[in-house]
Each structure stands twice: as C-alpha cells, then as structure tokens.
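Need coordinates for the following:
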Amino acid sequence: MILAVVKGHVVSTVKAPPLEGQKLLLVEILAATSEGLERTQKHMVCLDAVQAGEGELVVVVQGSSARQAESMRDVPVDALIVGIVDSLQAFGRPLEKEVA
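Numbers count the residues shown, from 1 in each chain. Model (predicted):
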C-alpha cells in the first residue's frame, strides 16, 4: 500500500471502454518519516474508488490488489485509491496529516 496526497484531476476524453465513467486522479507519493510526512516528488495516476478530493491524504494499492475491489474486476487498473486517511500513527506517535 502507498500513502499519497491527491494533487488534481486527470481528464481523458478518449479511453478504453471499461474505464468510461471512472474518475482519474493525480497523486503524489509520500514518505512517512520520524519527522512526519514528506513529499517525494514522485507522482502517479490512479482510479478513484472512494470519491477522494484534491488535497486529501489517501491509501493507494497497485497491481492485482487494485483489481480486487468489487467494481474493478474487469477494469484494466494498476493503481486504485481505496481509502481516505482520517488519522495516522507511526514511529510510536500520531503523525500530522499535513505534508511538509
């Protein structure tokens, strides 16, 4: 699983039929450190299964895990947002959701 922040929407007017009606989001992968969450400057495009919005902290799965979601079995997806993070604890303490 990957921790990421939603940076924006991706608009595609032409896509494979199984992707029609699916929302695409651009996310930046984050690193959890003892100092808090840090940006990695690495981005990816994900399908959104949870109606996430810009600026939200999300959980992303890739590969066969992305196709395990009930509505994704026949969708050619490799990265899927499966959760919106409410709180986070690491290194024995709560981490702020704010990204440095």
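
what's the burial count for residue 46?
For residue 46, the count of nearby residues is 26 (other Cβ atoms under 10 Å). C-beta here means a position set from N, CA and C on the backbone, and glycine is covered the same way.

can you check residue 59 too?
Residue 59 - counted by other Cβ under 10 Å - has 16 other residues nearby.

just residue 51 next, same as before
Counted with other Cβ under 10 Å, residues neighbouring residue 51 total 9.

Could you tell me the per-residue confidence at it?
The confidence metric pLDDT takes the value 95 at residue 51.

One more: residue 94?
Among the per-residue scores, residue 94 holds a pLDDT of 88.

That one bridge partners, please.
residue 89 (DSSP bridges).

Surely it touches residue 88?
Yes. In this structure, residue 94 sits in contact with residue 88. The criterion is Cβ atoms under 8 Å, and the distance is 6.9 Å.

I'd like the distance between the closest residue to residue 66 other than its chain neighbours and residue 59.
Using Cβ to Cβ, 6 or more residues apart in numbering and skipping residues adjacent in sequence, the residue nearest residue 66 is residue 80, 3.9 Å away. Here the distance between residue 80 and residue 59 works out to 10 Å (Cβ to Cβ, to the nearest Å).

Restrict stretch 65-75 to CA atoms and write it as CSV.
Once non-C-alpha atoms are left out, stretch 65-75 reads as follows in CSV (Å, rounded to 0.1, in the frame of the first residue of the first chain):
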residue,chain,number,x,y,z
SER,A,65,-4.7,-5.7,-5.3
ALA,A,66,-6.2,-2.9,-7.4
ARG,A,67,-8.4,-5.4,-9.2
GLN,A,68,-9.7,-7.0,-6.0
ALA,A,69,-12.2,-4.1,-5.4
GLU,A,70,-15.6,-5.3,-6.3
SER,A,71,-16.3,-2.8,-9.1
MET,A,72,-12.8,-3.2,-10.6
ARG,A,73,-12.6,-6.9,-11.6
ASP,A,74,-13.0,-6.2,-15.3
VAL,A,75,-11.2,-2.8,-15.4
